[in-house]
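Chemist: model this:
(chains A, B, C and D)
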2 protein chains.
Amino acid sequence: MNKDNISTEQCIKDAAQKIFLKKGFDGTTTRDIAEESGINRALVNYYFRSKENLFATIFAENAELYLAGNINILNKPIGIREKIIEIINLDFQRHIDHPDLTIFINNELHRNFKRLLAISPTRMQEFLMLFSSQVKEAIERKEIRSVDPNHLLAIISASIKFHFASKPILMHCYNMQEKDFINFVSAQKDLVIDMINTYLLTPEQTI
Amino acid sequence: MNKDNISTEQCIKDAAQKIFLKKGFDGTTTRDIAEESGINRALVNYYFRSKENLFATIFAENAELYLAGNINILNKPIGIREKIIEIINLDFQRHIDHPDLTIFINNELHRNFKRLLAISPTRMQEFLMLFSSQVKEAIERKEIRSVDPNHLLAIISASIKFHFASKPILMHCYNMQEKDFINFVSAQKDLVIDMINTYLLTPEQTI
DNA sequence: AAATATTTTAATCAAATGTTTAAACCTCTT
DNA sequence: AAGAGGTTTAAACATTTGATTAAAATATTT
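Modeler: This next block holds a predicted model:
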């Protein structure tokens, strides 16, 4: 136990998450983590055996949190278009809190796709199935135009995540400060919501 | 000169680009590069002084290639909607050739934004200005609905790049093989083109 | 309070890595 | 063919880094 009555184990996880997000797995050293959390270097191995294992633990916990948030929205008694808007907004908020989230996840999975195994396939399937079936039902009820649920989900994901992943380039191109960036992404979010809505509500062209 | 009559310098750059793209700057060792190109380790430093300098050289060359491709399209005598489609298709082709492109660029700039200084600000501004002014003109001529050019460009960028950046996750979620993935992104490209077109051609709501 | 178990510390190891050095090797001019 | 300038090689160096170890400190149980 450290002075703040937070377990050393949690203390290490908190510090590790912070630094892994910022520097990635390769760029993070166990010394960084020890310094950030103010504990002895050897404790990382004492509690988590290896740096890789510490990483996998944190990765799994965050994946579960992510899926839980989206599944919650899909279980609400509201229309599919409202759900899509809520999912986009939740994703937006997640990235306001942790701007490095997407670049981190994409990069780590790109470097080593075995890290995907840390994510519960059951939970993953639960979310995908829920989304897919609800979109299909909405199409059948003619609430929205016909569209492949997987492609729709991909567009929804891209719309917010990509801009945070490209944050340095965007800020540089448009000469933005931190505050301007948030405004830009926020406006982008509204535009995407508008665009997706416009599309889903436009009857298909019968050529 | 090596046996294939390609300069050693170019040989190193080719190998370095290949491995940097796959493993990132941190994950790439000068030994990797030497092995890939079949040259002696010390030559990396002989020709490029340092690993960082080799990286910056390659980065700058690719940025120029990228901007040149887009500027070319904007200088064609075709409509703005056709140009947007061409830019999306070019980006798609770039990622077919180098699937790691976006994750690589985003990640390296995220780790060290000073790498942006390798990109010519003049060329960058040239592209941004061209795009922005042409979109504004199209709006004035009422060819498309009113939309912020910067936001439009952001959406265009996101639509293709993001899916390649998320390739491992996508392939895992939807249980895809390499071939399926290409088909998926290709279909996604068509959907995005359709969605953007639909949006640009839909008159604004007067609330 | 003694004994036992758990946690923390400092020191150390072995492997990896960017870079340097000095000698060997070409290649071309004279 | 000798020599000069540029290129390539093998060896070595200094750091960094993930991990281990054994002792010390602290907590828990008896």
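
Chemist: host element of A:E61?
Modeler: If you go by DSSP states H and E, A:E61 is part of helix A:51-74.

Chemist: Around the nearest residue to A:L116 once chain neighbours are set aside, count how many other residues there are.
Modeler: Closest residue to A:L116 apart from its sequence neighbours, by CB to CB, 6 or more residues apart in numbering or on different chains: B:H172 at 5.0 Å. (Glycine included, C-beta is placed from N, CA and C.) For B:H172, the neighbour count with other CB atoms under 10 Å in any protein chain shown is 17.

Chemist: Touching, B:H172 and A:H110? I think so.
Modeler: No - applying CB atoms under 8 Å as the test, B:H172 and A:H110 come out as separate, 12.0 Å apart.

Chemist: show me the contacts for A:G69.
Modeler: Listed by CB atoms under 8 Å, 6 or more residues apart in numbering or on different chains, the contact set of A:G69 reads A:L90, A:R94.

Chemist: Show the pLDDT at it.
Modeler: Here the pLDDT value assigned to A:G69 is 95.

Chemist: where do the helices sit along chain A?
Modeler: In chain A, the segments counted as helices under DSSP state H are A:8-27, A:30-37, A:42-48, A:51-74, A:80-97, A:101-111, A:121-140, A:149-165, A:167-173, A:178-201.

Chemist: Point out the other elements, helices or strands, that the fifth one touches.
Modeler: Think helix A:80-97. On a contact count with 3 or more CB pairs under 8 Å, 6 or more residues apart in numbering or on different chains; DSSP states H and E, helix A:80-97 meets helix A:51-74, helix A:101-111, helix A:121-140, helix A:149-165, helix A:178-201.

Chemist: Compare these and give me the one nearest B:E36.
Modeler: B:E36 lies closest to helix A:101-111 among those, at 17.4 Å (CB to CB).

Chemist: The closest one near DNA strand D anywhere?
Modeler: No - shown here: helix A:101-111 not in contact with DNA strand D (CB under 7 Å from any atom of the strand), separated by at least 13.8 Å.

Chemist: Only alpha carbons, please: show that helix as CSV.
Modeler: The C-alpha trace of helix A:101-111 is given here as CSV (Å, rounded to 0.1, in the frame of the first residue of the first chain):
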residue,chain,number,x,y,z
LEU,A,101,-6.8,6.5,-27.7
THR,A,102,-7.3,5.6,-31.4
ILE,A,103,-3.7,6.1,-32.5
PHE,A,104,-2.7,4.0,-29.6
ILE,A,105,-5.1,1.1,-30.3
ASN,A,106,-4.5,1.1,-34.0
ASN,A,107,-0.8,1.3,-33.7
GLU,A,108,-0.4,-1.5,-31.1
LEU,A,109,-2.7,-3.8,-33.0
HIS,A,110,-0.8,-3.0,-36.2
ARG,A,111,2.6,-3.9,-34.5
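
Chemist: Ramachandran coordinates for A:M176?
Modeler: Dihedral angles of A:M176 (phi, psi; degrees, to the nearest 10) stand at phi -100, psi 150.

Chemist: State the pLDDT value of it.
Modeler: Model confidence at A:M176 (pLDDT) stands at 96.

Chemist: which residue sits closest to it, ignoring its sequence neighbours?
Modeler: A:F184 (6.4 Å).

Chemist: I figured that neighbour hits A:C173, correct?
Modeler: No - contact criterion CB under 8 Å: A:F184 and A:C173 do not qualify, at 10.6 Å.

Chemist: how many other residues sit next to the closest residue in space to A:L200 that isn't next to it in sequence?
Modeler: Among residues not flanking A:L200 along the chain, A:I144 sits closest, at 4.1 Å (CB to CB, 6+ apart). When counting by other CB under 10 Å, one arrives at 20 neighbours for A:I144.

Chemist: quick one: low-confidence ranges for chain A?
Modeler: When residues are selected by pLDDT under 70, those of chain A lie in A:1-5, A:205-207.

Chemist: tell me which parts of it are close to DNA strand D?
Modeler: Residues of chain A found near DNA strand D (CB under 7 Å from any atom of the strand) are A:1, A:28-31, A:41-42, A:44-45, A:49-52.

Chemist: Make CSV out of these and add distance to DNA strand C.
Modeler: Converted to CSV, these look like this (distance: CB to the nearest atom of the strand, whole Å):
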residue, distance to DNA strand C
A:M1, 6
A:T28, 15
A:T29, 12
A:T30, 10
A:R31, 10
A:R41, 6
A:A42, 3
A:V44, 9
A:N45, 9
A:R49, 13
A:S50, 14
A:K51, 13
A:E52, 14
